[in-house]
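[1] I'd like to go over a predicted model; first the sequence, then the structure.
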Amino acid sequence: MRDVARYGMVIDLDRCTGCRGCMESCKIENNTPQGSYWMYVFRFEEGEFPGTKVRFLPRPCQHCDNAPCVKVCPVGARYKREDGLVATDWERCIGCRYCEVACPYGVNTFNWGHPEEHYYGDWNAEDVAPEVRGTVPAWDNPSLDLPYGPEQRHIAGGGHLKGVVDKCTFCVQRVEHDLDPACVQNCPVRALVFGDLDDPESEVSKILQRRPSFRLLEEAGTEPRVHYVGGAPPSAETKQIEPAKAEV
Amino acid sequence: MAQQAQPLPYGVGRTSRTWVAWAVLLAALAIAGWYGWSREITEGMIVTGLRNIGPMGGATWGLDVAFVVYWVGVSFAGITVAALIRLANLTALKPIARMAEALTVIALVLAAFAVMYDLGQPFRGIVNLFHYARPQSPFFGTFTLVISGYLFASLVYLYLDGRADAAELAKVPSRLQWFHRLWAAGYRGTPAERARHDRTAFWLAIAIVPLLVTAHSTLGFVFGLQVGRPGWYSALQAPAFVLLAGVSGVGMLIAIAAVVRRTVPGAELPERVFHWLGTALLILLLAYLYFMVVEILTNLYTGAERERDVTRELLFGDFAPIYWASVACFVVSAALLILRFVRRTAALPLLVAAGVLVNLGAIGKRYLIVVPSQTHGTLLPYGTGSYAPTWVEYIEVIGLFALGALLLALFAKVFPILPLNRATEGGDAA
């Protein structure tokens, strides 16, 4: 029998409404610094007026099986886990950003400055405290500092220190406790599904068996573990509208 | 010891007021460059104009990486020329062997600094790059073959090649005698020693030639192996890198030789040397121009959509001014180098102008290799990005040029920048 799950994600573009709730939940869960979007939702416009069409495309890290970023990392800070996750050891990363230029999907984010602790507001402030009702704030989330996997490396969360590269971890701190990643959990229309691609009984496998699917930039040979159903990959005519404000 | 002995040759050990003024200026600029780096270290790389590729619409590699590539390229020519002088027995070029070796060592030191400027965690980098080295990464070659192996081989070569001269200088009492004694390390110039030395240097030169092709190719592979970067992914990157390295390095060597000829007392550099270098530069330059045409044609003719976008951006878009300025630099220098064969007079200023121009062109090309693919070549439709260096990056680059010039000036004051002519030197020491 299989001893380890091989995770992947299925994104249903027919369902996605482009609300960008996944981007928000990702930032809160992983404490990513200002301007960093590990999950990014494209809002596209296609066609000529009046025949224009608006489409959405959520883009997490593709957790490629043949990941260019893993190949180029000079110190092995970026590595492929047995369960399919592509992880970044922020304790080892030297900040050369080679992974960032190697990635065809543009998913890597660098910590340009000192990550701000209270970027999401001071949860102890008088007017905020009653609202959050003692919830653990993102920057105090103890599970982001723990080591994960059989390798016991520090790969969870973002914004730990300046000068290192972060990216989507598939929320390893949740996945290792059999929880869905934050983006999946928070999607109001269940456009995102996470699960074991090797298990034919899992929801992701069943969707892929039932519906035609594609992966982004398949011609690059990166073997992504993120599959899309419904809709179509962006074409040469696809133009982004309303890009998310990503500035530091 | 009490009486002042014969002065050391080529102004070694003596500084003029002009030299001191230049040294102070260069040191100040070098320190300014380090100040820029200190801002990067304390505040993070937010002080640079670099930003994330994709949603942030930036370039994550910029001026620093362009100059890593440029400096490694410049280092290429020095030791190549020095090794070829020995292997092919190019006696006419022997006077520039020493400065060529020094150029290689200094350019590699500058490249190492530029790498450090580019790292988000530079001090972690020094440890981790060696501790966790991965040969699968094209960077591995940069750190092992180039910055460690190549630098080490060049230093050993410089040391061995200078040992006989050091032994000569060590006979002359001066404040630097200890240094020359240390360098000579007991060398006395007996026939047996000389033969052993020549043999070692010969084999080292043979070993250096393949090392420099492989080492410099790895720098091209840093870009050429990336399937996700239109404008980078090309089998031409590695050989083109080696060629442009030769162009910029030989050009720099011409410029340095001209400065040495003007400023070093007693320096005799026959025009023949410059002509030889000029011809070498012309051949390399024409080959590189050919590569450029091949590359543009390949990318425009049927090239994939994004390849064409990046190429169009180079030719007609945001990067056109830099692109055409670089092309102009190359073409004008090629014209100057050819003009030499037509009009024989006043060739030296033309040669120096060509040497400087190809370096400006090379800097432009290095920048154009690094940046456009990131801002204009994203495979997903993020839209067009932009990158403009900040004062921190500019001052770092200026600081490196100043540091290089300062190191070369200092070297020329502690050791003869031109090899001693042994036939006459024997009498001097007596």
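    All right, it came through fine.
[2] which positions in the stretch 51-200 of chain B make contact with chain A?
    B:51-57, B:60-61, B:118-122, B:124-125, B:128-129, B:131-134, B:136-140, B:143 (C-beta under 8 Å from any C-beta of the partner chain). In short, each C-beta sits where N, CA and C put it, glycine included.
[3] ok, whichever residue of chain B sits closest to chain A - contacts?
    As assessed by C-beta to the nearest C-beta, chain A sits closest to B:G120 within chain B, at 2.0 Å. Neighbouring residues of B:G120 by C-beta atoms under 8 Å, 6 or more residues apart in numbering or on different chains: A:93-97, A:110-111, A:162-165, B:44-45.
[4] how far away is it from B:S148?
    Relative to B:S148, B:G120 is positioned 21 Å away (criterion: C-beta to C-beta, to the nearest Å).
[5] okay, now the unreliable bits of the stretch 1-150 of chain B?
    Low-confidence segments of the stretch 1-150 of chain B (pLDDT under 70): B:1-6.
[6] quick one, helices of it?
    B:17-43, B:63-87, B:97-118, B:122-131, B:138-141 (DSSP state H, counting those that start in this stretch).
[7] and those helices, which is most packed in?
    Between the helices of the stretch 1-150 of chain B, helix B:63-87 has the highest mean count of neighbours, a mean of 26, where neighbours are mean count of other C-beta atoms under 10 Å in any protein chain shown.
[8] okay, the angle between that helix and helix B:97-118?
    Orientation of helix B:63-87 against helix B:97-118 (axes from the mean of the first three to the mean of the last three C-alpha atoms, to 10 degrees) gives an angle of 160 degrees.
[9] distance from helix B:63-87 to the middle of the chain?
    Mean-position distance between helix B:63-87 and its chain equals 4 Å (C-alpha atoms, centre = their mean, to the nearest Å).
[10] so which elements touch that helix?
    helix B:97-118, helix B:151-170, helix B:191-224, helix B:237-263, helix B:347-370, helix B:391-414 (3 or more C-beta pairs under 8 Å, 6 or more residues apart in numbering or on different chains; DSSP states H and E).
[11] B:V47 reaches B:W37, doesn't it?
    No: B:V47 is not in contact with B:W37 according to C-beta atoms under 8 Å; the separation is 10.0 Å.
[12] how about the helices in chain A?
    With DSSP state H as the criterion, chain A has helices at A:21-30, A:68-72, A:98-102, A:129-132, A:172-175, A:182-186, A:203-210.
[13] now do the contacts for the residue nearest the centre of chain B.
    The residue lying closest to the centre of chain B (C-alpha atoms, centre = their mean) is B:V74, at 2.1 Å. B:V74 is in contact with B:103, B:107, B:245, B:248-249, B:252, B:359, counting by C-beta under 8 Å, 6+ apart.
[14] repeat that for A:K80.
    A:65, A:67, A:70, A:86-87.
[15] make JSON lines out of these and add pLDDT, neighbour count and distance to chain B.
    Below are the contacts of A:K80 laid out as JSON lines (pLDDT from 0 to 100; neighbours: other C-beta atoms under 10 Å in any protein chain shown; distance: C-beta to the nearest C-beta, whole Å):
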{"residue": "A:D65", "pLDDT": "97", "neighbour count": "15", "distance to chain B": "15"}
{"residue": "A:A67", "pLDDT": "97", "neighbour count": "23", "distance to chain B": "11"}
{"residue": "A:V70", "pLDDT": "97", "neighbour count": "22", "distance to chain B": "9"}
{"residue": "A:V86", "pLDDT": "97", "neighbour count": "25", "distance to chain B": "14"}
{"residue": "A:A87", "pLDDT": "97", "neighbour count": "25", "distance to chain B": "15"}
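[16] hang on, the earlier thing: most packed of the helices of chain A?
    helix A:98-102 (a mean of 26).
[17] could you give the mean pLDDT of that helix?
    Taken as a whole, helix A:98-102 has a mean pLDDT of 96.
[18] OK, now which residue of chain A is nearest to chain B?
    For chain A, C-beta to the nearest C-beta, closest residue to chain B: A:G95, 2.0 Å.
[19] phi, psi of that residue?
    Dihedral pair for A:G95: phi 80, psi 30, per degrees, to the nearest 10.
[20] give me the neighbour count for it.
    By the criterion of other C-beta atoms under 10 Å in any protein chain shown, A:G95 has 23 neighbours.
[21] can you tell me how far the nearest residue to it once chain neighbours are set aside is from A:C69?
    Closest residue to A:G95 apart from its sequence neighbours, by C-beta to C-beta, 6 or more residues apart in numbering or on different chains: B:G120 at 2.0 Å. According to C-beta to C-beta, B:G120 and A:C69 sit 15 Å apart.
[22] and B:A107, what does it touch?
    By C-beta under 8 Å, 6+ apart, the contact set of B:A107 is B:71-72, B:74-75, B:78, B:249, B:252, B:404.
[23] what's the closest of those residues to B:L204?
    Nearest to B:L204 among the contacts of B:A107 is B:G78, at 14.5 Å by C-beta to C-beta.
[24] mind listing what the spatially closest residue to the closest one that is not a sequence neighbour touches?
    Leaving aside its sequence neighbours, B:G78 sits nearest to B:T104 (C-beta to C-beta, 6+ apart; 3.3 Å). B:T104 is in contact with B:75-79, B:82, B:154, B:158, counting by C-beta under 8 Å, 6+ apart.
[25] apply 10 Å and report the result again.
    The contact partners of B:T104, taken as C-beta atoms under 10 Å, 6 or more residues apart in numbering or on different chains, are B:74-83, B:150-151, B:153-155, B:157-158, B:208, B:212, B:249, B:253.
[26] how close does the residue of chain A most remote from its centre sit to A:P233?
    For chain A, the C-alpha farthest from the mean C-alpha position belongs to A:P50; by C-alpha atoms, centre = their mean, that distance is 34.2 Å. In this view, A:P50 and A:P233 are 24 Å apart by C-beta to C-beta.
[27] equivalent analysis for B:Y394, please.
    The value you get for B:Y394 to A:P233, if C-beta to C-beta is used, is 41 Å.
[28] over to B:L225?
    B:L225 is 24 Å from A:P233, by C-beta to C-beta.
[29] surely B:R163 touches B:D198?
    No: applying C-beta atoms under 10 Å as the test, B:R163 and B:D198 come out as separate, 11.2 Å apart.
[30] between the two ends of stretch B:231-243, how far is it?
    One end of stretch B:231-243 to the other measures 18 Å (C-alpha to C-alpha, to the nearest Å).
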